[in-house]
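> Dropping a prediction and its sequence here:
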Amino acid sequence: MKVHKPQRESIGAEVLDLDVKLTSSAEAIAIKELVYDHKLVIFRNQSLNEKQYLEFSQKIGTPQIYPQDNYHHPDHPEIFVSSNILKDGKKFGMPGTGRYWHTDCAFLDEPLPFTMLYPQIIPQSNRETYYLNMELVYEKLPAHLKMYVEGKYLKHEAKWRYKVQECDLDRAIIDIMHDFENRFPAVQHPAVITHPVTQKKSLYMSSGFTTGIIGLDYETNQKILQELFSFMERDEFIHKHKWNDGDLILWENRTLNHKASISVLSEESLNYRIGVYDGLPFYVSSPSSVNPKTITEALAS
Ligand SMILES: [Fe+2]
């Protein structure tokens with residue numbers, strides 16, 4: 001497998017010569033190692049139908065079935081559809097997903113380690129997805145902000161991002177919110193997480209889903225969270241991927257935040273996402289807490 005690796009401190013390795021339909025088990029291991037080392041892997045010129053895309057994800061790990069079925073592809077529930085088009089005259093997935101900084105499923109007890117994205121229709125005028133290198137953010141975090149996250153837990157929740165559906169018509173907003181909160185209660189994760197394989201530390205938070213630092217009062221929370229978001233969303237930490245037709249991307253949510261670009265409403269857009277569990281804990285509490293055998297087994301699975 002021929003790979004173009006990024007410069008030090010930048011993200012994104014590019015696999016130059018692989019038709020992912022033909023991925024061998026040795027190549028699947030190499031791909032996972034690339035994701036752990038470079039956070040994001042690009043496969044160019046792919047041509048896959050839904051079934052082949054799903055089969056590739058199964059070689060990398062276990063595909064997620066997203067907990068809200070209005071995002072599901074009608075024939076393949078593992079495929080999360082983001083689109084503003086109709087299929088057979090019917091709504092197909094959800095429009096305008098992920099236009100804010102976030103990591104996928106941070107609001108669940110077991111967040112999603114990997115995300116694959118394989119756009120089917122890319123809008124002409126805005127063809128970018130943005131990433132934040134959260135390992136680098138942690139490394140550069142100034143001491144006056146580090147003291148607020150080191151050893152602390154953060155609260156993550158998705159209720160402010162819920163998209164109202166047809167079934168919510170005629171219901172009070174407070175009832176819709178309560179139902180969502182009952183289904184997806186807020187969770188807590190360490191503010192600084194240690195990667196199970198590389199053992200490197202990342203700041204694990206996002207302006208999309210993180211709503212509090214546990215143990216701080218409301219006013220201090222508002223002030224410090226805003227300072228943290230302003231610091232981490234600086235240009236120096238942003239990586240841009242400009243999509244070409246046929247690109248398939250695999251990235252790691254442990255170390256990256258991401259954000260979709262805002263497309264012009266009149267332009268068609270269709271994206272297929274598959275979330276993948278890699279068989280490892282999302283984070284470990286200390287470097288010694290993961291068994292090397294577990295890593296070997298997860299790589300080989
Ligand atoms: Fe996302």
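Looks like it came in fine. Residues are numbered from 1 along each chain as shown.
> Only C-alpha atoms from now on, for both contacts and neighbour counts.
OK.
> can you map out the strands along the stretch 201-301 of the chain?
Using DSSP state E, counting those that start in this stretch, the strands of the stretch 201-301 of the chain run over residues 201-203, 210-213, 238-242, 248-252, 256-260, 270-277.
> How many residues are close by the closest residue to residue 63 other than its chain neighbours?
Leaving aside its sequence neighbours, residue 63 sits nearest to residue 276 (CA to CA, 6 or more residues apart in numbering; 4.4 Å). Close neighbours of residue 276, defined as other CA atoms under 10 Å, add up to 23.
> Pull the contacting residues for residue 269.
The contact partners of residue 269, taken as CA atoms under 8 Å, 6 or more residues apart in numbering, are 82, 83, 84, 85, 120, 121, 122, 123.
> so how many other residues sit close to the first one?
For residue 82, the tally of surrounding residues (other CA under 10 Å) stands at 22.
> now the helix or strand hosting it, how far from the centre of its chain.
Applying DSSP states H and E as the criterion places residue 82 in strand 80-83. Computed by CA atoms, centre = their mean, to the nearest Å, the chain-centroid distance of strand 80-83 equals 14 Å.
> Run through who's touching it.
The contact list for strand 80-83 (CA under 8 Å, 6+ apart) reads 66, 71-73, 92-97, 268-274.
> C-terminal to it, what's the next element?
strand 86-87.
> follow-up on the earlier one: who's the residue nearest to residue 63 bridged to?
Beta-bridge partners of residue 276, counted by DSSP bridges, are residue 63, residue 114.
> dump the residue contacts of it.
Residue 276 neighbours (CA under 8 Å, 6+ apart): 57, 60, 61, 62, 63, 64, 112, 113, 114, 115, 116.
> ok, those vs residue 213, which is closest?
Nearest to residue 213, judged by CA to CA, of the contacts of residue 276 is residue 112 at 21.4 Å.
> hang on, isn't the closest one packed against residue 104?
Yes - taking CA atoms under 8 Å as the definition, residue 112 is a contact partner of residue 104 at 6.0 Å.
> shaky segments in the stretch 201-301 of the chain?
In the predicted model, the stretch 201-301 of the chain carries pLDDT under 70 at residues 286-289.
> switch to 80 and redo it
Within the stretch 201-301 of the chain, the stretches with pLDDT under 80 are 262-266, 285-295, 297-298, 301.
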